[in-house]
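A.B. asks: okay, sequence plus prediction incoming.
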Amino acid sequence: PVRFHYNDTKDRVYPISSVSVQRDGGSETYRRNKDGAMVGFKIGDPDGTISGQHTYVISYTVKGALNSFPDHEELYWNAIGDGWSVPIAAASATVQGPADITRAECFAGPSRSRPGCDSTTITGQRATFTQGSLAAREAFSVVVAFPKGSIANAKPLLEDRHASAAALRPRPAAASGRDAA
């Protein structure tokens, strides 16, 4: 899973499953790689080089990514991160949720920028986002909102952090049953 520090003792995790990668309509090889807290995918043959324009479709299921607010549940997801060293001619993302989507928006451009993307379409439980182009190192993020309570257990998934500092914390000694003199 993708892992981010949540607090001093917990990490927020985003288990990713049901991964499928296609290039130009055919199945493509990939492998997961982990770089610190980030999980990425290396796509294609590491011993091969391709050139020209290609269309990639990367599909996956993610859990634990919702944020809960007093009036709605929300997914904020970086569909395309800013780590690509090549421009992307066209980008799109589709979010399929378990309930009707009440709001949706997206952002495209340099990391942490707020310009909107080219188009956002909501149809029931599905939102589709498109962006005409992204320069190298530009990101594409999507946000969808669901009605409050429409998604069971919309809490983040947290795991204990097994840091050495936590293991070395002083703890009170267990009582031995004898009085100290």
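C.D. replies: Sure, I can see it. Owing to the predicted nature of the structure, the values given are computational and were not obtained by experimental measurement.
A.B. asks: residue closest to the middle of this protein?
C.D. replies: residue 77 (5.2 Å; CA atoms, centre = their mean).
A.B. asks: need phi/psi at residue 119.
C.D. replies: Main-chain torsions, residue 119, degrees, to the nearest 10: phi -150, psi 150.
A.B. asks: residues contacting the closest residue in space to residue 114 that isn't next to it in sequence?
C.D. replies: Setting aside the residues directly before and after it, residue 114 is nearest to residue 107 in space (CB to CB, 6 or more residues apart in numbering), at 5.8 Å. Where C-beta positions appear, they are placed from N, C-alpha and C, glycine not excepted. Contact analysis of residue 107 by CB atoms under 8 Å, 6 or more residues apart in numbering lists 113-117, 139-141, 143.
A.B. asks: mind redoing it with 7 Å?
C.D. replies: Going by CB atoms under 7 Å, 6 or more residues apart in numbering, residue 107 touches 113-117, 141.
A.B. asks: repeat that for residue 98.
C.D. replies: 125, 151.
A.B. asks: can you check residue 86 too?
C.D. replies: Contacts of residue 86 by CB under 7 Å, 6+ apart are residue 136.
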